[in-house]
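> Build the 3D model from these lines:
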Amino acid sequence: MGACDMVTDANVSSGFESNTTGTTTFSMPGWQLALWAAAYLTLVLVAVIGNATVIWIILAHRRMRAVTNYFIVNLALADLCMAVFNATFNFVYASHNIWYFGRAFCYFQNLFPVMAMFVSIYSMTAIAADRYMAIVHPFRPRLSAPGTRAVIAGIWLVALALAFPQCFYSTITTDQGATKCVVAWPEDSGGKMLLLYHLAVIALIYFLPLVVMFVAYSVIGLTLWRRTVPGHQAHGANLRHLQAKKKFVKAMVLVVVTFAVCWLPYHLYFLLGTFQEDIYCLKFIQQVYLALFWLAMSSTMYNPIIYCCLNHRFRSGFRLAFRCCPWVTPTEEDKIELTHIPSLSTRVNRCHTKETLFMAGDVVPSEAANGQAQDG
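Residues are numbered from 1 along each chain as shown. Sure, this is the predicted structure:
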């Protein structure tokens, strides 16, 4: 959470990933601790169930296996792991101010949050890039299945490299009899290494990808909503295809905006702490940290809700996944949505639809296969 008068010879610093709570012991009434525990437990349960369901919907149904949806699987996996490992264990650490989980898990806990956040936001960036190519440049070559797997593997490898310094400098210390998991950066003049690392990480896993996605979705929006040739309007299947693309773009823009809003206060908190470390010694800082950390971690549970609300096919998948619940009644249409593979004539017609709309200057949808996987 932050370092406040740490009793150690090392230059111990917190950083937004470092899980250090210092000596500001978490002291609050039992009922208040119970409320925080309930809030975090709800977050973890919703995130795990929701993201696991999204992964099942895509991987268990052939019709959902498109390039964009594989990036959604990667995003859901990162969010699920973030909720399980970071939200759960960091809350326990912050609430007791003692590290119970050993040296090996201390390394992991200082490595994985940065990795998972990097994977999350760059999966969103990959989705934006895929939609940009499909809608703005529909006749250029698209990512193949091996290419998609290579991009996903590359995202994880770069994430590992970016997070490695946090893991490398992690250590276990004892402060007034309490075990701490901290990141002990090498001593240098004014902590420049720590500051540069934090600024680089925040730039790479927050500001840079958000700028890229803002530009990509702005161009996509202009392409989808413009009307360059008067008198050429989409009708019937063409109109439905256009509306489906708009809905999908709206859903992904909402995913990106939600991520940005949830994480911004957390980043600002630790940027402020980098320049003014005494804020970690304030009496109410534990409450502030728990609130900001919950808001940041809550980004892991919103995406499945957004998919379910804004995408017809995902909504059908959720109804099928929760059909054992008495208040959920899937229909035959829900099964068809996820299991029916369009005929060759339908796919040819969709390709013709795409070319017709493109020539009309009305909209440039993605290729037929991706359109089938993402209509909603």
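> and Ile172, what is it in contact with?
Contacts here follow CB atoms under 8 Å, 6 or more residues apart in numbering; on that basis Ile172 touches Trp99, Arg103, Cys106, Thr179, Lys180, Cys181, Val182. The way it works is simple: take the backbone N, C-alpha and C, and place the C-beta from them, glycine included.
> do the same with Pro113
Going by CB under 8 Å, 6+ apart, Pro113 touches Glu17, Met82, Phe85, Asn86, Asn90, Ala163.
> before we move on, what about Trp294?
Trp36, Ala39, Tyr40, Leu43.
> what about the host helix or strand of it, distance to the chain center?
Counting by DSSP states H and E, the element that carries Trp294 is helix 285-297. Distance of helix 285-297 from its chain centroid, counting by CA atoms, centre = their mean, to the nearest Å, is 18 Å.
> ok, back up a step: identify, from the contacts of Ile172, the entry nearest to Ile58.
The closest of those to Ile58 turns out to be Cys106 (CB to CB; 33.9 Å).
> right, and Ala321 touches Ile55 too?
No - taking contacts as CB atoms under 8 Å, Ala321 lies outside contact range of Ile55: 10.6 Å.
> follow-up on the earlier one: can you lay out the contacts of Ile172 as JSON lines showing distance to Met117, neighbour count and secondary structure?
Shown next, in JSON lines, are the contacts of Ile172 (distance: CB to CB, whole Å; neighbours: other CB atoms under 10 Å; DSSP: H, G, I helix; E, B strand; the rest coil):
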{"residue": "Trp99", "distance to Met117": "21", "neighbour count": "24", "secondary structure": "coil"}
{"residue": "Arg103", "distance to Met117": "23", "neighbour count": "13", "secondary structure": "helix"}
{"residue": "Cys106", "distance to Met117": "19", "neighbour count": "22", "secondary structure": "helix"}
{"residue": "Thr179", "distance to Met117": "26", "neighbour count": "16", "secondary structure": "strand"}
{"residue": "Lys180", "distance to Met117": "23", "neighbour count": "25", "secondary structure": "strand"}
{"residue": "Cys181", "distance to Met117": "18", "neighbour count": "26", "secondary structure": "strand"}
{"residue": "Val182", "distance to Met117": "20", "neighbour count": "26", "secondary structure": "strand"}
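> quick one: least confident helix or strand in the chain?
strand 11-13 (a mean of 33; mean pLDDT, DSSP states H and E).
> quick one: the residue most central in space within the chain from Phe105, how far?
Centroid check for the chain by CA atoms, centre = their mean gives Ser120 as the closest residue, at 3.6 Å. Relative to Phe105, Ser120 is positioned 21 Å away (CB to CB, to the nearest Å).
> now swap in Leu264 and tell me
From Leu264 to Phe105 the distance is 29 Å (CB to CB).
> same check, this time on Ala134
Distance from Ala134 to Phe105, counting by CB to CB: 41 Å.
> Between those two, which has more neighbouring residues?
Set Ala134 next to Phe105 and count neighbours by other CB atoms under 10 Å: Ala134 wins out with 25 against 15.
> The more buried one against Arg142, yeah?
Yes - with contact defined as CB under 8 Å, Ala134 reaches Arg142; the gap is 6.9 Å.
> Can you name the helix or strand that Trp263 falls in?
Trp263 is part of helix 237-275 when elements are defined by DSSP H and E.
> Buried residues, that helix. List them.
By neighbour count on 16 or more other CB atoms under 10 Å, the buried set for helix 237-275 is 238, 241-242, 244-256, 258-260, 262-263, 266-267, 269-270, 273-274.
> how much does it deviate in direction from helix 285-297?
160 degrees (axes from the mean of the first three to the mean of the last three CA atoms, to 10 degrees).
> other SSEs contacting helix 237-275?
When contacts are defined as 3 or more CB pairs under 8 Å, 6 or more residues apart in numbering; DSSP states H and E, helix 237-275 packs onto helix 102-136, helix 192-202, helix 208-225, helix 285-297, helix 299-310, helix 344-360, helix 368-374.
> Pull the distance from that helix to the chain's centre.
For helix 237-275, the distance to the chain centre is 9 Å (CA atoms, centre = their mean).
> Let me know the angle separating it from helix 102-136.
140 degrees.
> Could I get the buried residue list for stretch 211-226?
Neighbour counts over stretch 211-226 (16+ other CB under 10 Å) mark Val212, Met213, Ala216, Tyr217, Ile220, Thr223, Leu224 as buried.
> Quickly check the contacts of Trp294 for the two that are furthest apart.
Going by CB to CB, the pair spanning those furthest: Trp36 and Leu43, at 10.7 Å.
> so which of the contacts of Trp294 comes closest to Phe293?
Nearest member of these to Phe293, counting by CB to CB, is Tyr40, at 8.9 Å.
> mind checking the SS state of the closest one?
Assigned with DSSP: H, G, I helix; E, B strand; the rest coil, Tyr40 falls in the helix class.
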